[in-house]
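Q: everything below, folded, please.
(2 chains)
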2 protein chains.
Amino acid sequence: LAKIILALDAMGGDIGPKITVPAAIATLNKHPHVDLILVGKKDILAPLCSKYPSLLDKRLFIHHADQIVEMNDQPAQTLRNKKQSSMRIAVELVKAKTAHAMVSAGNTGALMAISRFVLKTIEGIDRPAIIARLPANNTRGFVHLLDLGANVDSTADQLLQFAIMGMVMAKAIDGIQSPRMALLNNGKETIKGNELVRQASQKLNDHPVINYVGFVEGDQIFKDIADVIVCDGFVGNIALKFGEGIVRLSLKVTRSVFEQNMFTKLIGFLSQPLLNRVARLCNPSKYNGASFIGLKGMVVKSHGNADMKGFAIAIDRCIAAVENNVVGSIAQQISDLLDLNAL
Amino acid sequence: LAKIILALDAMGGDIGPKITVPAAIATLNKHPHVDLILVGKKDILAPLCSKYPSLLDKRLFIHHADQIVEMNDQPAQTLRNKKQSSMRIAVELVKAKTAHAMVSAGNTGALMAISRFVLKTIEGIDRPAIIARLPANNTRGFVHLLDLGANVDSTADQLLQFAIMGMVMAKAIDGIQSPRMALLNNGKETIKGNELVRQASQKLNDHPVINYVGFVEGDQIFKDIADVIVCDGFVGNIALKFGEGIVRLSLKVTRSVFEQNMFTKLIGFLSQPLLNRVARLCNPSKYNGASFIGLKGMVVKSHGNADMKGFAIAIDRCIAAVENNVVGSIAQQISDLLDLNAL
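A: This next block holds a predicted model:
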């Protein structure tokens, strides 16, 4: 396997280095062909890494960055005032081709703004999108949904671009020959939907390569109907967070239901590890590692409160994207499409 | 208490009379001031009702209807071809003021089309909306969300109308003096959102009566931030169904997790009643009884696969709406608003 070098925003996320460094070590142990650059405050990272002399400065490198992007920093201010942040410098390393891709658990809006500004979009793509895997009741166990909030007020052409990018992801990473593509809608029937999805439906249907299967409703995402589902980022973001909220409420209610009496407390105690597993499997936004696609470089966003395991999964996702040349494949597919339109 | 007469679409829903008739009986036993008209096939309903001679033809009446609206009937065809359906006739009874309001567990699209056509919208309301209670982590245990799918491509003025209707509902039925009103968005910050919500935000903010608290994100619906949350029906429908899908997937995953071995099966067996309770409390679309508001008559929609208890809750919701004169209050509030605008 060819060598892969990733930059990690070591300071990002709710917890930061205490999560990112152990996840980096786990990744290096698991993938011998991967090197990692930890970007962040050297005085914090060096002591954490010194325990691994066999890796440090051989496969694990520290790249100092003075600033940290906070979770509530505004994207525009971050762009202007945090040029020395771990997040910004990690993205710059991708731009400079020092790293093949980067991973961050930091502020999503800031990461998107920096990624767009530094990496730029692929020719023929108007706007990057956020794509993630959601748990689903199919053999693979997941489905791709995009856009999850990078864009609002998308046009039908942009939804078509999202579909092409999603198709490339599912093909390249999951090896699905002809991914089933659907549009998220408030009904299955062709007469349903707003102006936008009806226009987009026409475009997806007319496309020579996309395997378009039509509309799906919100609850059908989790069934075995489509491999990739496209929506505007406004809808995708709200639906995803709605699901996250319901799962969190269910856990809270579950806890209180099990608190009733001694007997229910005992059952609760016994069920705990099993229910934790359910929560992990079903939390839509913890299925870790959302990718920003449509940029001239790969950026993977881990959930802000991901634990070590979650952040390591996001890194794995990033490695898979690099190995399968997702960025190059999207560029090729879009360029083919532009040629086609030019005929 | 003044006498209340409700019409029930006795044939509607996945199960029909076997659910609707027992729910009607339970309602009559619970509410001495309520009479019910069961609309549907007499040959099916009469034998089910004959067991209750003390109620039949005294407080429980059968109104024959020849046709049934099926769950997959198209709204437009239903309007044209099912004028003798139990659903249509129950709505006609409200129009004729024979009944104060009606409840159906039937096809939502058909019920909305019939309700709009027969009852018409209140003066000053462009389009009716679907409002429902979602489970929430506040003292009341729920929050109102609208529109849940009656409208797509709403305008900012229509969202304002939805807000006014939601405010009236929360005031009249729940006795909340000044309901906290929020708009569903993909971020809390004022710079977030699509064109529509930003325009609507301005209008809600400028309104003299609405207690507008700003934007809420999808997962914040379930927190104690707002009493009424407004969105376009496209978004509301998708988010609600997304949540429904996640809950259903979680139940499926829970079952399989508990199937691992003898020990986990035992824990599963012991937890079952508690987990069923959690599922009932947290399923966003089973919190039964969505109301169609903005019409010159009250229509309550029960979930299609509601059980007897669920359908009875929908009837209770309908009784509360009639007792608190929701239709009249909305008309009054909207008329005041129109007067205000005319100044």
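
Q: how close does the most far-flung residue of chain A relative to its centre get to chain B?
A: Seen from the C-alpha centroid of chain A, the residue lying at the greatest distance (CA atoms, centre = their mean) is residue A:262, 42.2 Å away. In this structure, residue A:262 and chain B are 13 Å apart, going by CB to the nearest CB, to the nearest Å. (C-beta placed from N, C-alpha, C; glycine too.)

Q: any idea of the pLDDT on that residue?
A: pLDDT, residue A:262: 90.

Q: list the contacts for it?
A: Residue A:262 makes no contacts at all, as judged by CB atoms under 8 Å, 6 or more residues apart in numbering or on different chains.

Q: give me the phi and psi for it.
A: Backbone torsions for residue A:262, taken as degrees, to the nearest 10, come to phi -60, psi -40.

Q: pLDDT below threshold where in the stretch 201-343 of chain A?
A: Low-confidence segments of the stretch 201-343 of chain A (pLDDT under 70): A:284-287, A:340-343.

Q: break down it into its strands, ranges please.
A: Assigned by DSSP state E, counting those that start in this stretch, the stretch 201-343 of chain A shows strands spanning A:211-216, A:228-230, A:290-293, A:298-301.

Q: what about stretch A:122-142 and chain B, touching?
A: Yes: interface with chain B: stretch A:122-142 contributes A:135, A:136, A:137 (CB under 8 Å from any CB of the partner chain).

Q: most neighbours out of those, which is it?
A: Neighbour counts for those, by other CB atoms under 10 Å in any protein chain shown, peak at residue A:136, which reaches 24 neighbours.

Q: residue A:144 is in contact with that residue, correct?
A: No: at 9.5 Å, residue A:136 does not count as touching residue A:144 under the criterion of CB atoms under 8 Å.

Q: helix, strand or coil for the residue in the stretch 1-150 of chain A that chain B sits nearest to?
A: With CB to the nearest CB, the shortest gap between the stretch 1-150 of chain A and chain B falls at residue A:149, namely 5.3 Å. Following DSSP: H, G, I helix; E, B strand; the rest coil, residue A:149 is assigned to coil.

Q: neighbours around it, how many?
A: Count around residue A:149 with other CB under 10 Å applied: 26.

Q: over to it: give its phi and psi.
A: phi 140, psi 10.

Q: quick one: it and residue B:60, what's the gap?
A: 52 Å (CB to CB, to the nearest Å).

Q: about what we covered before: what's the closest non-adjacent residue to the residue of the stretch 1-150 of chain A closest to chain B?
A: Distance criterion CB to CB, 6 or more residues apart in numbering or on different chains; nearest residue to residue A:149, sequence neighbours excluded, is residue A:237 at 3.3 Å.

Q: for that neighbour, give me its contacts.
A: A:148, A:149, B:186, B:187, B:217, B:218.

Q: ok, of those, which come out buried?
A: Buried by 16 or more other CB atoms under 10 Å in any protein chain shown: A:148, A:149, B:186, B:187, B:217, B:218, out of these.

Q: looking at those residues, spot the one nearest residue A:67.
A: residue B:187 (23.2 Å; CB to CB).

Q: if I look at the closest residue to the closest one other than its chain neighbours, how far off is residue A:194?
A: Using CB to CB, 6+ apart and skipping the chain neighbours, the partner closest in space to residue B:187 is residue B:217 (6.4 Å). Separation of residue B:217 from residue A:194 (CB to CB): 21 Å.

Q: again with residue A:140
A: 30 Å.

Q: tell me which of these two has more neighbours.
A: The residue with more neighbours, out of residue A:140 and residue A:194 and counting by other CB under 10 Å, is residue A:194; that gives 20 against 13.

Q: ok, now which ones touch the more buried one?
A: By CB under 8 Å, 6+ apart, the residues touching residue A:194 are B:152, B:153, B:234.

Q: restrict the residues you listed to those near chain A?
A: Counting by CB under 8 Å from any CB, B:152, B:153, B:234 from those sit close to chain A.

Q: with that, I have no additional questions.
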